[in-house]
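Undergrad: below is the structure, and that's it, no one-letter string:
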């Protein structure tokens, strides 16, 4: 029996859905993750790159992204930060770093 999508897939889907809902559809360019653990939690560190067309809605979405709530099945987003943003003509490329933790 499957537990559902892993943390990386869930996070990717949630970010793209949130961008769509904010009126600034994005495209996932790259996504990578590594396992992470502390004394009390297990999870993963994620690095994602998205592209989108420049707009005030995109800017507003990115400003609020670190405080956004994401409903991921079996995981919590413990930290999420926009680490890089590059504007090049009609394209904005954004790098996002996130930490997900398994819910128990």
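TA: Yep, it's here. Keep in mind it's a predicted model, so treat the numbers as computed, not measured.
Undergrad: for burial, what's the neighbour tally of residue 104?
TA: Residue 104 is flanked by 7 other residues according to other CB atoms under 10 Å. The way it works is simple: take the backbone N, C-alpha and C, and place the C-beta from them, glycine included.
Undergrad: how much space between it and residue 76?
TA: 10 Å (CB to CB, to the nearest Å).
Undergrad: got it, and residue 49?
TA: 23 Å.
Undergrad: give the other helices and strands that the top strand by length along the chain contacts.
TA: Ranked by residue count and defined by DSSP state E, the top strand of the chain is strand 75-88. With contacts taken as 3 or more CB pairs under 8 Å, 6 or more residues apart in numbering; DSSP states H and E, strand 75-88 sits against helix 7-21, strand 91-102.
Undergrad: can you add mean neighbour count, mean pLDDT and distance to residue 65 and give these back as JSON lines?
TA: Formatted as JSON lines, those follow (neighbours: other CB atoms under 10 Å; pLDDT from 0 to 100; distance: least, CB to CB, whole Å):
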{"stretch": "helix 7-21", "mean neighbour count": "17", "mean pLDDT": "96", "distance to residue 65": "8"}
{"stretch": "strand 91-102", "mean neighbour count": "18", "mean pLDDT": "97", "distance to residue 65": "7"}
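Undergrad: to residue 60, which of those lies closest?
TA: helix 7-21 (11.3 Å; CB to CB).
Undergrad: how far away from the center of its chain is the closest one?
TA: 6 Å (CA atoms, centre = their mean, to the nearest Å).
Undergrad: the helix or strand just after it vs strand 75-88, what angle?
TA: Where DSSP states H and E defines the elements, the next helix or strand beyond helix 7-21 is strand 26-37. Orientation check (axes from the mean of the first three to the mean of the last three CA atoms, to 10 degrees): strand 26-37 against strand 75-88 gives 130 degrees.
Undergrad: which strands or helices does the host helix or strand of residue 62 pack on?
TA: Assessed by DSSP H and E, residue 62 sits inside helix 56-64. When contacts are defined as 3+ CB pairs under 8 Å, 6+ apart, helix 56-64 sits against helix 7-21.
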